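> Following is a predicted model, sequence given first.
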Amino acid sequence: MVGATSSHQFIAAPGQGLNCDRISALRAPAGTLCGRTLKTVSMHHKLWGTGAHYMAMIFELPDGVAGRESDGGITARAVSRSFGAVRAVEHMDFHAPAGKVTALIGPNGAGKTTLLLMLASLLAPDEGSISVGGLDPRRDRAAVRARLGWMPDTLGVWESLTAREILTQMARFYRLPAPGIARRVAQLLERVRLDDLADQPARVLSRGQQQRLSLARALIHEPSVLLLDEPASGLDPGSRVELRLMLRQLAAEGKAVVVSSHVLSELDEIADGAVFVNKGRTVRQQTTEQAAAAGRRYAVTSSDMAALAAKLTALGLAFRLEDGRRPAVSLMLGGDSDAERLLRDLVLAGVGVNSFAPATGALEETYMSLEGEQE
């Protein structure tokens, strides 16, 4: 059977573990881990062909390639992909520029994961083209994969190995120079705050800790393009803040960072732009500035709600009362300037304003408006 793992792919006979002898035989000098057996990672359930081995991804990397060069980001043009009679992606366009964080947003079943698999060169499009820094994955697969860092929504791990051993083996797979591997692994373990758990078996890691290990694994070879599927899943609030800061830093370093997430409030804090997809098609592409300028809903609370409602009525503004622990009104405003003007008018009119803030993020507002258009 030929299949893709939820992260990188490895060759192994069905039902067997992946031991060091088989790793070395597949592509020396991948290295070994003292005869330890590496269990195959979880499958993505995307299958091709009828062979008896799983397709290899990282074993195709050319010697000495670590994906450090800068590029023009990653682009998909009119890509389509079907699974039998199901048209998962249909003529979808996507672009994530270098040095920016691009959000991929859409409801369940919109085609996001299928698109990410095609961008990661783990799934071939039926139609259309993909470019990674000007390279075509169909012609330059090894060079493209050296530039890509892939973090799936579910981490597959070799449970018997430690976090340090997993990252060390991944570095060997990517043919990083042997003298620098230990240092690179230590740097990443510290960056994702797993240095205290570096020598613990992966099976003892929590969901959030496994997510951090997955991110470190995607970064091991210093790729120029990062594809992250639900990277904040399972993270505690403090780790989510750290993730936001890290992704912004990675973009500042010149990487093209693609983030697929259902937590739109998080994306407002991270993304420079967004691509919205639904029913297998691209429905909108915009920057966060464009999303904010299109207007969003604000929530206002006051010590005198009757006075607040009267003033809004006098200003000719449509609003609605919101039920909740604290009474509030919400209304649509065109942008920051409209919000500033309204707040000034309320204060000058003597209305006691307790809070005045966006009720939704800019990207969330766009998403909700597109949902309404689709109905």
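On my side now, so go ahead.
> Give me the contacts around the longest helix anywhere in the chain.
Ranked by residue count under DSSP state H, the longest helix found in the chain is helix 237-252. Residues outside helix 237-252 that contact it (Cβ atoms under 8 Å, 6 or more residues apart in numbering): 99-101, 191, 193, 208, 212, 215, 219, 226, 228, 231-232, 235, 257, 259, 266, 269-270, 272. Every C-beta, even on glycine, is put in place using the N, C-alpha and C of the backbone.
> go with 10 Å
Contact with helix 237-252 is made by 97-102, 149, 191-193, 208-209, 211-212, 215, 219, 223, 226, 228, 231-232, 235-236, 255-257, 259, 263, 266-267, 269-272, as judged by Cβ atoms under 10 Å, 6 or more residues apart in numbering.
> How far off centre is that helix?
The gap between where helix 237-252 is centred and where its chain is centred comes out at 12 Å by Cα atoms, centre = their mean, to the nearest Å.
> Now it: average pLDDT?
Mean per-residue pLDDT for helix 237-252: 90.
> Then stretch 343-357?
Mean pLDDT, computed over stretch 343-357, is 94.
> Looking at the contacts of helix 237-252, which are in strands?
Using DSSP state E, 101-102, 149, 226, 228, 256-257, 259 are the members of these that sit in strands.
> Any chance of a markdown table for those, columns distance to residue 132?
Below are these laid out as a markdown table (distance: Cβ to Cβ, whole Å):
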| residue | distance to residue 132 |
| --- | --- |
| 101 | 17 |
| 102 | 14 |
| 149 | 12 |
| 226 | 12 |
| 228 | 16 |
| 256 | 9 |
| 257 | 14 |
| 259 | 17 |
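> Rebuild these as a markdown table, extending it with neighbour count.
Shown next, in a markdown table, are the ones in strands among the contacts of helix 237-252 (neighbours: other Cβ atoms under 10 Å):
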| residue | neighbour count |
| --- | --- |
| 101 | 27 |
| 102 | 26 |
| 149 | 23 |
| 226 | 24 |
| 228 | 26 |
| 256 | 29 |
| 257 | 28 |
| 259 | 26 |
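> May I have the residues that are in contact with residue 281?
By Cβ under 10 Å, 6+ apart, the contact list for residue 281 reads 80, 87, 89-93, 106, 110-111.
> Derive a PyMOL selection command for the buried subset of the residues you listed.
Those of the contacts of residue 281 that count as buried under 16 or more other Cβ atoms under 10 Å are selected in PyMOL with:
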select buried, resi 80+87+89+90+92+106+110+111
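> Which members of the contacts of residue 281 are positioned in strands?
Those of the contacts of residue 281 lying in strands (DSSP E): 80, 87, 89-93.
> Nearest to residue 169, out of those: which one, please.
Nearest to residue 169 among those, counting by Cβ to Cβ, is residue 89 at 32.6 Å.
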